[in-house]
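In: predicted structure and sequence below. I'll ask about it afterward.
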Amino acid sequence: MELQKMSGHSTDDGFDGLDALAEHEEFLPHKTGVKKEIHFTDFEGKTSFGMSIFNLSNAIMGSGILGLAFAMSNTGIILFLILLTFIAILSAYSIHLLLKSAGVVGIRAYEQLGYRAFGHPGKMLAACVITIHNIGAMSSYLFIIKSELPLVIQAFLDNPEHTQEWFLNGKILIIIVSTFVILPLALMKQLGYLGYTSGFSLSCMVFFLISVIYKKFNIPCPLDDTHINMTSTVGDHSAVNETDHFCEAKLFTVNSQTAYTIPILAFAFVCHPEVLPIYTELRNPTKKRMQNVANISILAMFVMYLLTALFGYLTFYGAVESELLHTYSRMGSPDVLILCVRLAVLVAVTLTVPVVLFPIRRALLQILFPDKPFHWARHIGIAFGLVFVVNLLVIFVPSIRDIFGIIGATSAPSLIFILPGIFYIRIVPEDQEPFLSRSKIQAACFAALGFIFMVMSLSFIIIDWVTGESRSGGGH
């Protein structure tokens, strides 16, 4: 799943010396006229081309896939396809900028590119953006636990009508899961076996996609409670027309929720902090070879995202919720297939949270305690603080749509558009690419486009909040 390739973050302990060497040696002024061949490090990559595709696909894949059907319901099929294609192409171009910048100076980490471009402030900026994005990812995973675990427990009860029990309260359940499962795993000094959960997580999402396609042909439309949901969530689904048109797919539509589409798509395609570590570990690494890895991975996720959004939308149409899996709870009678999907996704996201926490802690240690040796008090304190903060976010945020929206409108455009563009302009020397060259002008426009996306998305989301529309976005 997204952010699970911690090869360049959580497993970087063995390469801290190389990063330090990059900062102290690679950034020394080069003699004029001397052509120096740049190597990434002395680390010899041994990962095959196919496995690199798997790793990057796994880095792209994440909880954002659960919000894509909701995005399609608020844009229409054609507009969603255009936007999805647009974001996928821009993501591939963004990776091209990162690889070109990394190739110039031989740096293997996103934060180190920030250091090369703007010194220590650039490194801090990149670390902060990655930290914010990973906190958003952690929040989205815990939100899935909050919404799905009560439904799983309820399915095993003899009398599922009793829904007021404390163990069916999602807010209490995430505190229990965080205390007894996530926090102990996050306190480990090394990731260990948690690094292998990525394959299981990706398998869960493939299982989820197959189930979504299968259920499309087994769920009638409209659902029995369509009238109820249309009445109770009228603000959330303002684009829903009269009941007789409810099961008609829309090709183009715009409403107050359309503002969340680009942030949701951007959130779903973020993998950029993992690109350079995967590049470093690639066997026979070249920019062209790694770009092919990126293009194939993005294409594979593009197809998977499109199928998930399309079949999820064509199952529930305007009644789809911002977390697709939760929408299946409307079917009434327990469904064994959906229950299995819920269980698989719950296990995957629960094991993913501590994996995502490791690079956040590493970034915070670099920001707050640079050059300090490992200390258990800091290790435990940061883990506890992060879990506590994320739990507060998930308890008080009413919908996963808000998490996708805010993170997708802030850190995602920064990681995909803004930072790669300005890093490229600053790092690639003028003797290779003049400041007014076509490539640097394109990179500047690319960064400006990301800034525009950020401002527009945030503005529309804030307007949506202020007007009080659709506060029940997740159906919770």
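Out: Structure received. In this text, all values refer to a predicted model and were calculated from it rather than measured experimentally.
In: what ranges do the helices span in the stretch 101-250 of the chain?
Out: Using DSSP state H, counting those that start in this stretch, the helices of the stretch 101-250 of the chain run over residues 110-155, 170-177, 183-186, 197-216, 226-232.
In: out of the ones you listed, which one sits most buried?
Out: Stretch with highest mean neighbour count among the helices of the stretch 101-250 of the chain: helix 110-155 (a mean of 22; mean count of other C-beta atoms under 10 Å). The C-beta positions use only the backbone N, C-alpha and C, and glycine is treated the same way.
In: ok, now how distant is Ala71 from Ala344?
Out: According to C-beta to C-beta, to the nearest Å, Ala71 stands 23 Å off from Ala344.
In: actually Ile82, not the one I wrote
Out: For Ile82, the distance to Ala344 equals 32 Å [C-beta to C-beta].
In: pipe the helices of the stretch 101-250 of the chain into TSV and attach mean pLDDT and distance to Val353 per row.
Out: Putting the helices of the stretch 101-250 of the chain into TSV (pLDDT from 0 to 100; distance: least, C-beta to C-beta, whole Å) gives the following:
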stretch	mean pLDDT	distance to Val353
helix 110-155	88	5
helix 170-177	91	9
helix 183-186	88	8
helix 197-216	84	10
helix 226-232	41	30
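In: using TSV, please lay out those helices together with distance to Glu430.
Out: Compiled in TSV, those are given as follows (distance: least, C-beta to C-beta, whole Å):
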stretch	distance to Glu430
helix 110-155	14
helix 170-177	52
helix 183-186	45
helix 197-216	40
helix 226-232	59
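In: circling back: and Ile82 and Ala344? Which one has more around it.
Out: Shown here are Ile82 and Ala344; by other C-beta atoms under 10 Å, Ala344 has more neighbours (18 against 13).
In: where does this protein have its least confident helix or strand?
Out: Within the chain, no helix or strand scores below helix 226-232, which has a mean of 41 by mean pLDDT, DSSP states H and E.
In: C-terminal to it, what's the next element?
Out: helix 261-269 (DSSP states H and E).
In: so what does the host helix or strand of Asn58 touch, helix or strand wise?
Out: Here Asn58, judged by DSSP H and E, is contained in helix 49-60. On a contact count with 3 or more C-beta pairs under 8 Å, 6 or more residues apart in numbering; DSSP states H and E, helix 49-60 meets helix 197-216, helix 272-281, helix 287-316.
In: out of the ones you listed, flag the one nearest Ser52.
Out: Of all these, helix 287-316 sits nearest to Ser52, with 4.8 Å by C-beta to C-beta.
In: and the closest one, how far out from the chain's middle?
Out: Distance of helix 287-316 from the chain centroid (C-alpha atoms, centre = their mean, to the nearest Å) equals 14 Å.
In: and if you look at stretch 286-300?
Out: Worked out by C-alpha atoms, centre = their mean, stretch 286-300 lies 19 Å from the chain centre.
In: check contacts around Ile87.
Out: Ile262, Leu265, Ala266, Phe269 (C-beta atoms under 8 Å, 6 or more residues apart in numbering).
In: the last one reaches Phe417, doesn't it?
Out: Spelled out, that is Phe269. No. The criterion here is C-beta atoms under 8 Å, and Phe269 misses it with Phe417 at 11.0 Å.
In: quick one: which of the contacts of Ile87 has the most company?
Out: The residue in the contacts of Ile87 with the most neighbours, by other C-beta under 10 Å, is Ala266 (30 neighbours).
In: name the nearest residue to it, sequence neighbours excluded.
Out: Leaving aside its chain neighbours, Ala266 sits nearest to Ala412 (3.8 Å; criterion: C-beta to C-beta, 6 or more residues apart in numbering).
In: ok, Pro150 next?
Out: Closest residue to Pro150 apart from its sequence neighbours, by C-beta to C-beta, 6+ apart: Leu168 at 4.6 Å.
In: distance check, the one you found against Val177.
Out: Distance, Leu168 to Val177, using C-beta to C-beta: 14 Å.
In: pLDDT at the residue nearest to Pro150, what is it?
Out: Looking at Leu168, its pLDDT is 81.
In: how far away is it from Gln154?
Out: On the measure of C-beta to C-beta, Leu168 and Gln154 end up 6 Å apart.
In: cool, Leu392 as well?
Out: Distance from Leu392 to Gln154, by C-beta to C-beta: 25 Å.
In: for Ile367, same thing?
Out: Counting by C-beta to C-beta, the gap from Ile367 to Gln154 is 42 Å.
In: one more: Ala69?
Out: 23 Å.
In: and Phe118, by the same measure?
Out: Computed as C-beta to C-beta, the Phe118 to Gln154 distance reads 51 Å.
In: again, but for Asp402
Out: From Asp402 over to Gln154 (counting by C-beta to C-beta), the distance is 25 Å.
In: so after whichever strand or helix holds Ala348, what's the next helix or strand?
Out: Assessed by DSSP H and E, Ala348 sits inside helix 336-368. Following helix 336-368 in sequence order, the next helix or strand is helix 376-396 (DSSP H and E).
In: output the contacting helices and strands for that next one.
Out: On a contact count with 3+ C-beta pairs under 8 Å, 6+ apart, helix 376-396 meets helix 110-155, helix 170-177, helix 183-186, helix 336-368.
In: please enumerate residues in contact with it?
Out: By C-beta under 8 Å, 6+ apart, helix 376-396 touches 135, 138-139, 142-143, 146, 171, 174-175, 178, 182-183, 186-187, 189, 357, 360-361, 364-365, 369, 372, 403.
In: what about Asn218, how many residues nearby?
Out: The local packing of Asn218 (other C-beta under 10 Å) involves 10 other residues.
In: hmm, I typed the wrong one, I wanted Phe374.
Out: Neighbour number of Phe374 under other C-beta under 10 Å is 9.
In: how close does the residue lying closest to it once chain neighbours are set aside get to Pro273?
Out: Ranked by C-beta to C-beta, 6+ apart and with sequence neighbours excluded, the top spatial neighbour of Phe374 is Lys189, at 7.6 Å. With distances taken as C-beta to C-beta, Lys189 is found 22 Å from Pro273.
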